[in-house]
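*Asks:* next one to model:
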Amino acid sequence: MRGTAELSNLKCEKSTPKPKPYRIPDRGGLALLVTPQGGKLWRWKYRFNGVAKQMAFGKYPDVPLARARVLHAAARAQLAAGTDPMAVRAETKAEKQAENKQKKTAQLTFKDLYELWFATWEKGKKEDTTVLNVRSWLENGPVKAFGSKSVAAIMPADLLALTRATDERGAGTVAKRNFQYIRRIYKWGKANHYLDKGIVNPAADIDIKDILSAHTGQNFAHVQVSELPGLLQKIREYNGREIIRIALELNGLTFVRINELLKARWEQIDWENSAWCIPVKNMKMKKPHVVPLSRQAMALLARLKQISGETGRLFPICNGGLGTMSDAAVLRAYARMGYEGRMTNHGWRYIASTYLRSQHYDKFWVEMQLSHVEGGVAGVYNEWECFEERTEMMQHWADFLDECREKPTIVSAAA
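*Replies:* The predicted structure is shown next:
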């Protein structure tokens, strides 16, 4: 009678634990393994190529008796066909995992991937301003363009179109920066297994130098001196946010690099000496810089203090966060005024230096004001050098801009 013994649902339910594990056999070698802890596990012992193996089919009652028998019968059929049932199961599991991963990747949007990357990237960053600026740059650029798209759907052609469109509106630096961040985000996604091997990094095989215009990073778009009256009038009449209009005017009056302007903090303004002392960390050339401030610049700063004085930053981001305004926000203002591709933030440096040299100001003063002067033989750099002479020069430049705006005919003599 032992050969006809098999399990029933009642036997499964009534089985109780013993000090040692024991098996209650069913038909064809299937058994219910009862553990000392009370677990009831479906097991099947078999041999494949002479090697003893044991296959699991889940636990009772999650897997009822009838279901365990179906699974067992399918496994025995595989064994009879000459294949190892456990190997088949492992292969099927791997295929299903790959399929699920592919589906998960297909559902992952660029915004999802960006937020995963950003959460890791920002850890340990000392300057919260830098972190918030990167967030602003990316969310106003690539995330805005591609955010809702699947990471698998963004192709090199999409990135090329975005990069070229940004470059063509005179924002080559922005285009280059965003391109590089997209490449980095996809590379990070693959390294951290958020993207499978089949996902294309749209920036991987593109050389940014091949798609940006020749002037990017070299000669920045700028108007001619003869066009200054129209530009200055447009800036004065700008109907966007006042803080952006002030940024446009201060950019023209000081002709510092735009990021140096936007990172400025109120403690850097020396009201007594009408000077702006820019620290090393904010300077591209990694040396401190002092900008003499004209009467016009001081008046603008006084008005700006009423707007942003409580934040500690001259140009905070508009949502009240801890970051600073994006250079792209200022660049967009030029586009709104009709100067897209004709004038950039950096263009003021070329216009001012060209004009001041034409007025026979000492080349050293001009170069120092552009923060192009290197340290001396001993490596000493005095940011206050020629301050009085540069103050006179900067006041002359500010007065010239006022005259351009009010009396356009003056530019014919200066051009």
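
*Asks:* what about the helices in the stretch 201-350 of the chain?
*Replies:* 208-211, 228-236, 242-254, 258-262, 295-308, 327-336, 347-358 (DSSP state H, counting those that start in this stretch).

*Asks:* quick one: low-confidence ranges for the protein?
*Replies:* 1-5, 97-106, 126-129, 170, 213-220, 285, 319-322, 373-381, 408-415 (pLDDT under 70).

*Asks:* quick revisit: now the helices of the stretch 201-350 of the chain in TSV, with distance to residue 284 and mean neighbour count?
*Replies:* Bear in mind the C-beta positions are built from the backbone N, C-alpha and C, glycine included. Putting those into TSV (distance: least, Cβ to Cβ, whole Å; neighbours: other Cβ atoms under 10 Å) gives the following:
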stretch	distance to residue 284	mean neighbour count
helix 208-211	19	12
helix 228-236	24	19
helix 242-254	15	21
helix 258-262	7	22
helix 295-308	21	16
helix 327-336	13	20
helix 347-358	11	19
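
*Asks:* out of those, which gets nearest to residue 160?
*Replies:* Closest to residue 160 of those is helix 208-211 (Cβ to Cβ; 6.1 Å).

*Asks:* name the residues that touch that closest one?
*Replies:* Contacts with helix 208-211, where a contact means Cβ atoms under 8 Å, 6 or more residues apart in numbering, come from 160, 163-164, 167, 176, 179-180.

*Asks:* cool, and stretch 313-331?
*Replies:* 128-129, 131-133, 135-137, 140-141, 169-171, 173-174, 241, 243-244, 247-248, 251, 258-259, 261-266, 301, 304, 308, 344-345.

*Asks:* can you tell me the centre-most residue of the protein?
*Replies:* residue 138 (4.4 Å; Cα atoms, centre = their mean).

*Asks:* for that residue, what are its contacts?
*Replies:* Applying Cβ under 8 Å, 6+ apart, the residues contacting residue 138 are 114, 118, 178, 181.

*Asks:* and this protein, what are its domain boundaries?
*Replies:* Following automatic domain parsing, one finds the domains of the chain at 2-86, 110-211, 225-414.

*Asks:* just to revisit the earlier point, quick check: phi and psi on the residue nearest to the centre of the chain?
*Replies:* Main-chain dihedrals, residue 138, degrees, to the nearest 10: phi -70, psi -40.

*Asks:* ok, residue 360 next?
*Replies:* phi 70, psi 30.

*Asks:* now do it against residue 70, distance only.
*Replies:* 97 Å (Cβ to Cβ, to the nearest Å).

*Asks:* more crowded one of those two?
*Replies:* Legend: neighbour count by other Cβ atoms under 10 Å for residue 360 and residue 70, higher for residue 70 (11 against 7).

*Asks:* among the contacts of helix 208-211, which pair sits farthest apart?
*Replies:* Farthest pair in the contacts of helix 208-211, by Cβ to Cβ: 164 and 180, 15.4 Å.
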